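Trainee: Just a sequence and a predicted model for now, questions to come.
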Amino acid sequence: MSDELQGIVVSHAQLAEAMVAAVGEITGQRDALVPVSNEGCSRALLTGRLSEAIGARPAVVFVDLPGGSCLQAALAYLRSHRDVAVVAGVNLAMLVDFVYHRDLTPTGAAQRAGEVGGRAVRVVE
Amino acid sequence: MTLSLVRVDDRLIHGQVVVGWGHALGAKHLVLVDDEVSTNEWERDIHRVGVPPDMTIEFLSVEHAARRVPEWQVSASRTIVVLGEITAAVRLCELAPQVKRLNLGGVHQAPGRRQRLPYVFMTDTEAGALAALAARGVDITAQDVPTARAVPLKELA
């Protein structure tokens, strides 16, 4: 089994699925990211879905909002697992960059994602 | 009355509560009522993360919350009370008979539960406890977001 870093995108409704599909369209890389939806989930169920998606590989968990059930599930998982880092406030720019930098540690990749994603938010006048 | 909403939602503090109901009701104070969370600093921390700067939150046990209900009812700040379990909500209503309305906002799948709505699953025991509460005068409806229809408990059989 590969130890290459994987990204798990956790979101409300179908946002994660759409973002992962968009990254595949842009980069052609379709095995780097796994979408997880919180639809119909308590936190316990969502943590279970997240655990199943991560498996035994190191991962960065990208969460849609900086609060709420998706982040809570990610933090609950993070509390008891190493080789996982969490980024809240996912955007497409950070995911596109992530798929090309999966040789980093989870923490390193998460920090890079935060920087890339932050720089991508611009007001254009 | 400024106790704006008493809600059962096993996701506790999340978008529907803070954004959906918080904006619709103009609520500025959240109370998470859960015996376990109220004594667990780590759990309290991860729920604080989701609270916007213009809202406050406190964490209470069911018994402590019941004693505070009269205070929230006359407070100038509108309050949303969130509980994670139906059993806790029933206990709160029994200890604080001033609570006359209960919102089922998210009770998800668990062993023994049957789906009643896309976001409401209950065991027959839980449904029975709510029916008994309703018989004592508590208005119980299911409604995930403010723009949805409030579904009466009798439709969740």
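Mentor: Happy to help now that I have it.
Trainee: When you work out contacts or count neighbours from here on, use the C-alpha atoms and nothing else.
Mentor: Fine.
Trainee: Near chain A, which residues of chain B? Just list them.
Mentor: Residues of chain B found near chain A (Cα under 8 Å from any Cα of the partner chain) are B:10-15, B:46-47, B:49-51, B:106-109, B:118-119.
Trainee: What is the subsequent helix or strand relative to the helix or strand containing residue B:94?
Mentor: Residue B:94 is located in helix B:86-95, with elements delineated by DSSP states H and E. With elements assigned by DSSP H and E, the helix or strand that comes after helix B:86-95 is strand B:101-106.
Trainee: Run through who's touching the worst-scoring helix or strand of chain B on mean pLDDT.
Mentor: Across the helices and strands of chain B, mean confidence by mean pLDDT, DSSP states H and E is lowest for helix B:15: a mean of 88. Identification of contacts with helix B:15 by Cα atoms under 8 Å, 6 or more residues apart in numbering or on different chains yields A:67, A:68, A:69.
Trainee: repeat for stretch A:96-104
Mentor: With Cα under 8 Å, 6+ apart as the test, stretch A:96-104 has contacts from A:4-7, A:23, A:26-27, A:29, A:32-33, A:109, A:113, A:116.
Trainee: Stretch A:51-58 too?
Mentor: A:2, A:3, A:4, A:5, A:6, A:8, A:34, A:36, A:77, A:83, A:84, A:106.
Trainee: Stretch B:118-129 now?
Mentor: With Cα under 8 Å, 6+ apart as the test, stretch B:118-129 has contacts from A:40, B:86-87, B:90, B:104-110, B:112-116, B:142, B:144, B:157.
Trainee: Output the below-cut-off pLDDT ranges for chain A.
Mentor: Within chain A, the stretches with pLDDT under 70 are A:1-2.
Trainee: One more pass at 80, please.
Mentor: A:1-3 (pLDDT under 80).
Trainee: Could you pull out the strands in chain A for me?
Mentor: Assigned by DSSP state E, the strands in chain A fall at A:6-11, A:33-37, A:59-63, A:84-88.
Trainee: relative to strand A:33-37, how tilted is the third one?
Mentor: Looking back up the chat, that one is strand A:59-63. Orientation check (axes from the mean of the first three to the mean of the last three Cα atoms, to 10 degrees): strand A:59-63 against strand A:33-37 gives 40 degrees.
Trainee: Provide the strand pairings for strand A:59-63, with the direction of each partner.
Mentor: Paired with strand A:59-63 in the same sheet, following DSSP bridges, are strand A:6-11 (parallel), strand A:84-88 (parallel).
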